[in-house]
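Asker: give me a model of this one.
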Amino acid sequence: MQHDLQLRAAAREIYDACYPGDEWSPLAFDEAERFGTVHYRQAVGAAQRARRALASRHIQPELFDRG
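Answerer: Below is the predicted model:
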């Protein structure tokens, strides 16, 4: 992911939000990335899905029509 800095930043934010401390994941994001932990892979997958959702014109209106 070194070539996609925006996706990496999103994955880091998701990782930090979902795994805020040692009780959730014993490694910081950089170490988890280096070792390719399951927590890191889940955060990357979530970032990829979020990117698709944010780019989709079909999904976005549904988010606002539920009100």
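
Asker: for the top helix by length along the chain, give the mean pLDDT please.
Answerer: Longest among the helix segments of the chain by residue count, using DSSP state H, is helix 38-55. The pLDDT scores in helix 38-55 average 94.

Asker: what's near enough to touch the closest residue in space to Arg12 that isn't next to it in sequence?
Answerer: Leaving aside its chain neighbours, Arg12 sits nearest to Phe29 (5.0 Å; criterion: CB to CB, 6 or more residues apart in numbering). The C-beta positions use only the backbone N, C-alpha and C, and glycine is treated the same way. With contact taken as CB atoms under 8 Å, 6 or more residues apart in numbering, Phe29 is in contact with 11-12, 15-16, 40, 43.

Asker: now which of the residues you listed would you call buried?
Answerer: 11-12, 15, 40, 43 (16 or more other CB atoms under 10 Å).

Asker: ok, which pair from these is furthest apart?
Answerer: Largest separation among those by CB to CB: Arg12 and Tyr40, giving 9.7 Å.
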